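Q: pasted the sequence and its predicted model underneath.
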Number of protein chains: 2
Amino acid sequence: MSQSTPLNITLIGAGTIGLSFAALHLDHAFKPGSNPLHLTIYDTRPDIESYVTQTLPTYIPFSFKKLPGHGPTSYSVHINHDDSPHTITFNGDLKSAVSSASIIQEQGPESTSFKIAVWPEIESYCPSDTLLWSSTSGIPASTQCVDMRDPSRLVVVHPYNPPHIMPLLEIVPSPATDPRVIDRTLDFWKNKDRTPIVLKKETKGFVANRLAFALLREAIHLVKEGVASVKDIDDLMTSSMGPRWAVAGIFKSYHAGGGAAGLEGFFKNIGGTVQACWDDGGKVNVEEGWEDDVFRQTRQFYGEVDLTERDTLTRRVLEAVRRD
Amino acid sequence: MSQSTPLNITLIGAGTIGLSFAALHLDHAFKPGSNPLHLTIYDTRPDIESYVTQTLPTYIPFSFKKLPGHGPTSYSVHINHDDSPHTITFNGDLKSAVSSASIIQEQGPESTSFKIAVWPEIESYCPSDTLLWSSTSGIPASTQCVDMRDPSRLVVVHPYNPPHIMPLLEIVPSPATDPRVIDRTLDFWKNKDRTPIVLKKETKGFVANRLAFALLREAIHLVKEGVASVKDIDDLMTSSMGPRWAVAGIFKSYHAGGGAAGLEGFFKNIGGTVQACWDDGGKVNVEEGWEDDVFRQTRQFYGEVDLTERDTLTRRVLEAVRRD
């Protein structure tokens, strides 16, 4: 794309995730060499315009100037007071919101019927080469696409919250997804300095949540058994596996832990202990009575979490591990 | 303790963990206001002296000057060329190695019989108020202490490897451990800018490993099912949950994820998905046939892990999240 070709991205739904994607796209638009960005937001909530223009600057210091004209309200977007080619438009009409988009990112209600219904409509209004991405955390593309004329266009692009900070994007194609759609999706995100990972199969909950939920289950078990408090477990994580896994994932970590024999040596040395922990491990289930104590401890220790501090520290951690 | 009171620490065993503890203690000895440190290493391997004096400088740029005298070999320890009050002594005689220690840290063979046998011997040679710590990753103090005259003295101080970098120490008392021993142990580590966490109960594998092993089990399951490669899972972790958990543990993270309703809101929103992932989750076991592929992928992706790079990046991450 030449410097002057505008990039048209439409976000379907601007809740927490949509807003964070808006911040991400706008943030990258201001990097040197980027194309003019025309971001369109389609969301049916009545206060969407004030919500977005007031909340986005709490993420990144954007300012907005209303542009003259009829039809949907548009703003130019600024990071300083200079002229800016980047705009954001609030459009409550789905057809015109998507009609010139080169990328459409859907993060509407997490409802199968909504998603099944919305894609054929989007598909009928948008250009034939528009990339169609769903941010769903659990409804696979193969389910969402059942009423589409061309299911090969749809792919799940599941972020790790908040996407304007966290690099991970789980790219989850359905069996019908066109490999060229996957390639174009990967290219887009790699150019945005993100970490897109293509899953080889659709699986319940995708990968990141499944890994985290497995650890969560054990953590709840250990609280329930009175081994450690909610706060103990959190402090323990931030002083050990968190920093470790910011640097190296679990396989690489244990590969190093096994010395010259690597991961095989690790299992040779302590495979018995690993299995014993698994056997003894937390098979707690939702609504089995641990909730009251775990929720109470969590409220008591944390009250309301300061997301600004979390996000500032997370940026610092990501900066610390950049290898380039 | 006054500035001039020496701190005598004896390490029983100087393998990977013992050596890293030696680096930690020596490193802290050079901080302003610290007392002179006399570190004694008791280890039966014949090349222990050259192993320690050659390996420690790869962790932290110490240098060693052999001190004159008879008996066990001692070195003064330096970080620059100035005079230094800090010494390291190699003593192959258990009795004299522990006889003036104020702290004894055991990281000998991970064998129940070794540990049961060594403590009564140590106990008979050392002062009555010496702190007795085992670095074991799995043999509880209540098992180790059975032949001690005074089992109330022993407590497990389980590090997260490598302890000279990772702040976590799991403090795991037996039911017999004297609360004053726990308090003195906590004081010591807090003064060393570490994160000691006292477990309320002895439990198989303690807490950090159990949490990590639970995630490992799910990770192996997802590789085995062909959802993601070893490398995919590692890349996914370093670009999402690793940085997140370096900043906030799992309960605080999901408490923030639930919005105003906190962790309770999180489970109200997606408790069903969490349970579905748990139900579908990885109940793989050791030696069930996944090993060949997982070990092969790990070797192929990583070869030999560069521990220097890992440790440099880990220090940077820990520095990034320091709130003071």
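A: Happy to help now that I have it.
Q: and the residue of the stretch 1-150 of chain A that's closest to chain B?
A: A:Gly138 (5.3 Å; Cβ to the nearest Cβ). (Each C-beta comes from the backbone N, C-alpha and C, glycine too.)
Q: which non-adjacent residue is nearest A:Asp311?
A: Using Cβ to Cβ, 6 or more residues apart in numbering or on different chains and skipping residues adjacent in sequence, the residue nearest A:Asp311 is A:Ile165, 5.6 Å away.
Q: please enumerate the helices of the stretch 151-300 of chain A.
A: Taking DSSP state H, counting those that start in this stretch as the test, the helices found in the stretch 151-300 of chain A are A:179-191, A:208-224, A:230-238, A:241-247, A:250-257, A:262-280, A:291-302.
Q: quick one: the fifth one near chain B?
A: Read it as helix A:250-257. Yes. Counting by Cβ under 8 Å from any Cβ of the partner chain, chain B has neighbours in helix A:250-257: A:Ile250, A:Phe251, A:Lys252, A:Tyr254, A:His255, A:Ala256, A:Gly257.
Q: tabulate these (a markdown table), appending pLDDT and neighbour count.
A: Formatted as a markdown table, the residues of helix A:250-257 next to chain B follow (pLDDT from 0 to 100; neighbours: other Cβ atoms under 10 Å in any protein chain shown):
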| residue | pLDDT | neighbour count |
| --- | --- | --- |
| A:Ile250 | 98 | 24 |
| A:Phe251 | 98 | 27 |
| A:Lys252 | 97 | 26 |
| A:Tyr254 | 96 | 22 |
| A:His255 | 96 | 27 |
| A:Ala256 | 93 | 20 |
| A:Gly257 | 87 | 17 |
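Q: how many neighbours does A:Ile48 have?
A: 18 (other Cβ atoms under 10 Å in any protein chain shown).
Q: correct me if wrong: it contacts A:Ile12.
A: No. Using Cβ atoms under 8 Å as the test, A:Ile48 is too far from A:Ile12 to be in contact (12.0 Å).
Q: contact residues of the stretch 1-150 of chain A facing chain B?
A: Residues of the stretch 1-150 of chain A lying close to chain B by Cβ under 8 Å from any Cβ are A:Thr16, A:Ser137, A:Gly138.
Q: in the stretch 201-324 of chain A, which ranges drop under the pLDDT threshold?
A: Scanning the stretch 201-324 of chain A for pLDDT under 70 picks out the ranges A:323-324.
Q: any weak-confidence spans in the stretch 1-150 of chain A?
A: A:1-3.
Q: would you map the strands across it?
A: Along the stretch 1-150 of chain A, counting by DSSP state E, counting those that start in this stretch, strands occupy A:7-12, A:37-42, A:63-66, A:73-78, A:87-90, A:103-106, A:131-134.
Q: how about TSV for those strands, with mean neighbour count added?
A: Formatted as TSV, the strands of the stretch 1-150 of chain A follow (neighbours: other Cβ atoms under 10 Å in any protein chain shown):
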stretch	mean neighbour count
strand A:7-12	24
strand A:37-42	23
strand A:63-66	14
strand A:73-78	18
strand A:87-90	22
strand A:103-106	24
strand A:131-134	25
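Q: which one, of those, ends up nearest to A:Gly265?
A: Nearest of the strands of the stretch 1-150 of chain A to A:Gly265, taken as Cβ to Cβ: strand A:131-134 at 41.7 Å.
Q: go ahead and confirm A:Leu222 touches A:Asp234.
A: No. Contact criterion Cβ under 8 Å: A:Leu222 and A:Asp234 do not qualify, at 11.9 Å.
Q: more neighbours, those two?
A: A:Leu222 (28 against 25).
Q: what's around the residue nearest to the more buried one when sequence neighbours are not counted, how many residues?
A: Using Cβ to Cβ, 6+ apart and skipping the chain neighbours, the partner closest in space to A:Leu222 is A:Ala228 (5.3 Å). A:Ala228: 25 surrounding residues under other Cβ under 10 Å.
Q: A:Ala228 touches B:Phe206, doesn't it?
A: No. In this structure, A:Ala228 is not within contact of B:Phe206 by Cβ under 8 Å, at 9.4 Å.
Q: now for the two: what residues contact both?
A: Common contact partners of A:Ala228 and B:Phe206 (Cβ atoms under 8 Å, 6 or more residues apart in numbering or on different chains): B:Leu199.
Q: any idea what the residue nearest the centre of chain A is bridged to?
A: Taking Cα atoms, centre = their mean as the criterion, A:Pro159 is the residue nearest the geometric centre of chain A, at 1.5 Å. In this entry, A:Pro159 is beta-bridged to A:Leu169, by DSSP bridges.
Q: how about A:Gln105, nearest residue that isn't a chain neighbour?
A: Closest to A:Gln105 by Cβ to Cβ, 6+ apart is A:Trp133, at 4.8 Å.
Q: so the one you found sits against A:Ala101, correct?
A: No. If you go by Cβ under 8 Å, A:Trp133 and A:Ala101 don't touch, sitting 10.9 Å apart.
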